[in-house]
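Colleague: have a look at this prediction, sequence included:
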Amino acid sequence: MTGGMAAGLQAAALLAAAPLVRGGMKKAKAAFQNRQGPPLLQGYYDLAKLLRKEPVRSEASSWIFGAGPRLYFATALAATALVPVLFAGAPLEEAGGILVFVGLMALGRFALATAALDTGSPFGGMGSSREMTVAALAEPALLLGLFTVGLAGGSLNLGDLVRATALRGPSAHPSELLAAAALFIVLIAEAGRVPVDNPATHLELTMIHEAMTLEYSGPDLALVEWASALKELLFMTVLVNLFLPFGLALDPGAGALALSAAFYAGKVFLLAVAVTLVEVTNAKLRLFRVPELMAVSLGLGFLALTIRFL
Amino acid sequence: MTADDVVILCAAGMLVSVYLMVGQKALFVAIRLYGVQSVLLGVVAVAMALSEHRSHLFTSAALTIGLKGLLIPWFLMRVIDRIGIHREIEPYVNIPSSLLICLGLTIVGYRVSSGLAEADHAVTHHVVGVSLSMLLMGLFLMVSRRKAVTQILALLSVENAVFLVALGATSGMPLVVELGISFDVIVAVLVLGILVHRIVDRFESMDVSRLSKLKG
């Protein structure tokens, strides 16, 4: 199997699984709150409905408005090729490592934030500025956390790193746990989960990500929603495969991959439950408190990197 | 995973919990974090007990988890509930600067521990490093926080740090000493709880800086 084919298959599989993970998290959240919650497959129904609709765009908007969601979706899709999922190695790992991964995420965010500014609606601008504020603090923490792992594995390539950890097993060094904690906070911020942002609200004072997508409808909105779900799943994949590389397939045989898929599903499920637990046990932070949380994450990442040398 | 790995990871978890304590302002979360920290300490004791066959460490693990992990957090929650005070921590130093200072303190703690003669031994190095850092951060928290309950939490974190270094460096003190310390901690928390009540009665706030008004 060539790298290109593997990349295509992996992207398709992740794209197909992403709404299910979101739906599962909604269901888990509802279960913690003694509610029924939406059906597990609601994400797919929503996407199907939105994709059938006619896009409505403001007359005041330019081509940037339409390009934003497409670029956002494309960057998330491209990032899947750099991340090892079931097999200890990414399909297109010679294309780049940590820096390309973080850069693709930043490019997508830039595209969406610019597009939200395009219509000139105050909500779009507010959402963009908030998203960029959070991202400016989350990105260094993400880089520091990933660099810590890179330092231990002796590479900046996600495929190499996961291979190294899968071969030697997770090392017991405090910096691993500190980096994992830093990346967990980054995951919550990037996925727009509760202490940072509330994905379930449309209250203008509190929303961050939702404010940017308020102007979108139909297929455009479907692309944004789908790409956000995919991005969240990608971050979770990176986290579980870097820090808990149990059961990862070391050779690309069908049996090993099936076993690895079962392990992967289990690990992502556990991480999703952990994120949901944080979501139900915490209140959303005031917007001006969010930088403090991101400072904790940044501090943990920096400390993780420093302790490696001490 | 060997017992050593468990000890190192739990110690790192305790460090993370102190960081989170420094980095957020909700009083309830800080108390819960202290509970988690104590449970992790209990796990360290269990791992030590299993790997070094010291059965009396099981007793101290049970004491740690039962008293410090459950009873003290419950008691502090009740104190806060009873007083019904404003549930936010008001630090003297703002949070990003506190985090930076704690970062520096951790580096100092770790650096000192790598100078020790036993530093070649990974477990000792990390455990001593984490506990020294926790000790320094606890002291910093005590002087930088305004509310009496947060100062109690800082004191308790310092106590956990001392316990951790005792476990890691000497593989546990004699049972009598541990029992004594545990009950000392309980009594201290009870007395401090009453003291907090008295402060709140007098000033209608838990802000200890108001105590300076008492001087004649």
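Modeller: Happy to help now that I have it.

Colleague: number of residues surrounding residue A:129?
Modeller: 15 (other Cβ atoms under 10 Å in any protein chain shown). To be clear about C-beta, it is placed using only N, CA and C from the backbone, and glycine gets the same treatment.

Colleague: list phi and psi for it.
Modeller: Per-residue torsions, residue A:129: phi -70, psi -40 (degrees, to the nearest 10).

Colleague: please name the nearest non-neighbouring residue to residue B:213.
Modeller: Spatially, and ignoring its direct neighbours in sequence, residue B:213 is nearest to residue B:203 (8.0 Å; Cβ to Cβ, 6 or more residues apart in numbering or on different chains).

Colleague: and that neighbour, how close does it get to residue A:156?
Modeller: Taking Cβ to Cβ, to the nearest Å as the measure, residue B:203 falls 55 Å from residue A:156.

Colleague: now do the residue nearest to residue B:213 against chain A, distance only.
Modeller: Distance from residue B:203 to chain A, counting by Cβ to the nearest Cβ, to the nearest Å: 27 Å.

Colleague: over to residue B:24?
Modeller: Residue B:24 is 7 Å from chain A, by Cβ to the nearest Cβ.

Colleague: run through the residues that contact that residue.
Modeller: Shown in contact with residue B:24 (Cβ atoms under 8 Å, 6 or more residues apart in numbering or on different chains): A:292, A:293, A:296, B:30, B:95.

Colleague: filter those residues down to the buried ones and hand me the ChimeraX line.
Modeller: A single ChimeraX command selects the buried members of the contacts of residue B:24 (16 or more other Cβ atoms under 10 Å in any protein chain shown):
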select /A:292,293,296 /B:30,95
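
Colleague: among the contacts of residue B:24, which one sits closest to residue A:236?
Modeller: When those are compared for distance to residue A:236 (Cβ to Cβ), residue A:293 wins out at 18.9 Å.

Colleague: with only the CA atoms kept, save the helix or strand harbouring the closest one in CSV.
Modeller: In the assignment (DSSP states H and E), residue A:293 maps to helix A:290-307. Extracted in CSV, the C-alpha atoms of helix A:290-307 (Å, rounded to 0.1, in the frame of the first residue of the first chain):
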residue,chain,number,x,y,z
VAL,A,290,-9.1,32.0,30.1
PRO,A,291,-5.6,33.4,29.7
GLU,A,292,-4.9,32.3,33.3
LEU,A,293,-5.8,28.7,32.4
MET,A,294,-3.7,28.9,29.3
ALA,A,295,-0.8,30.2,31.4
VAL,A,296,-1.1,27.1,33.6
SER,A,297,-0.8,25.0,30.4
LEU,A,298,2.1,27.0,29.1
GLY,A,299,3.8,26.8,32.5
LEU,A,300,3.4,23.0,32.7
GLY,A,301,4.7,22.7,29.1
PHE,A,302,7.8,24.8,29.9
LEU,A,303,8.4,22.9,33.2
ALA,A,304,8.1,19.6,31.3
LEU,A,305,10.8,20.7,28.9
THR,A,306,13.0,22.1,31.7
ILE,A,307,12.8,19.0,33.9
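
Colleague: tell me what the helix or strand residue A:186 falls within is packed against?
Modeller: In this structure, residue A:186 is located in helix A:174-190 according to DSSP H and E. Under the contact definition 3 or more Cβ pairs under 8 Å, 6 or more residues apart in numbering or on different chains; DSSP states H and E, helix A:174-190 sits against helix A:122-153, helix A:218-243, helix A:254-281, helix A:290-307, helix B:3-23, helix B:122-144.

Colleague: among the ones you listed, which is nearest residue B:211?
Modeller: helix B:122-144 (14.1 Å).

Colleague: leaving out sequence neighbours, find the closest residue to the residue in the stretch 201-310 of chain A positioned nearest to chain B.
Modeller: Residue nearest to chain B within the stretch 201-310 of chain A (Cβ to the nearest Cβ): residue A:296, separated by 3.5 Å. Leaving out its chain neighbours, the residue that sits closest to residue A:296 by Cβ to Cβ, 6+ apart is residue B:23, at 3.5 Å.

Colleague: can you give me every residue that contacts residue B:93?
Modeller: B:101, B:144.

Colleague: and it, that one's in a strand?
Modeller: No - assigned with DSSP: H, G, I helix; E, B strand; the rest coil, residue B:93 falls outside any strand and is coil.

Colleague: residue B:203 and residue A:156: which is more packed in?
Modeller: residue A:156 (18 against 15).

Colleague: need the residues of chain B near chain A, please.
Modeller: Applying Cβ under 8 Å from any Cβ of the partner chain, we find that chain B lies next to chain A at B:1-2, B:4-6, B:8-9, B:11-13, B:15-16, B:19-20, B:22-26, B:29, B:95-96, B:99-100, B:102-103, B:106-107, B:110-111, B:114, B:126, B:129-130.

Colleague: hmm, which of these are the buried ones?
Modeller: Buried members of these, counted by 16+ other Cβ under 10 Å: B:4-6, B:8-9, B:11-13, B:15-16, B:19-20, B:22-26, B:29, B:95-96, B:99, B:102-103, B:106-107, B:110, B:126, B:129-130.

Colleague: helix, strand or coil: sort out the residue located most distally from the centre of chain A for me.
Modeller: Distance from the C-alpha centroid of chain A, by Cα atoms, centre = their mean, peaks at residue A:59 (32.2 Å). What three-state DSSP gives for residue A:59 is coil.

Colleague: and the pLDDT at it?
Modeller: Residue A:59 is assigned 86 on the pLDDT scale.

Colleague: try residue A:152
Modeller: 86.

Colleague: contact residues of chain A facing chain B?
Modeller: Close to chain B, as judged by Cβ under 8 Å from any Cβ, chain A has residues A:172-178, A:181, A:282-283, A:289, A:291-293, A:295-296, A:299-300, A:302-303, A:306-307, A:310.

Colleague: please, a PyMOL command that selects the buried ones among those residues?
Modeller: In PyMOL syntax, the buried subset of the residues of chain A next to chain B is picked out as below (16+ other Cβ under 10 Å):
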select buried, chain A and resi 172+173+174+175+176+177+178+181+282+289+291+292+293+295+296+299+300+302+303+306+307+310
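
Colleague: on that earlier part again, so the residue nearest to residue A:296 versus residue B:107, what's the distance?
Modeller: When residue B:23 is compared with residue B:107 (using Cβ to Cβ), they lie 17 Å apart.

Colleague: quick one on the thing from earlier: pretty sure the residue of the stretch 201-310 of chain A closest to chain B is touching residue A:185, no?
Modeller: Yes - between residue A:296 and residue A:185 there is a contact at 6.6 Å, judged by Cβ atoms under 8 Å.

Colleague: select the longest helix from chain B.
Modeller: Looking across chain B with DSSP state H, the single longest helix is helix B:175-203.
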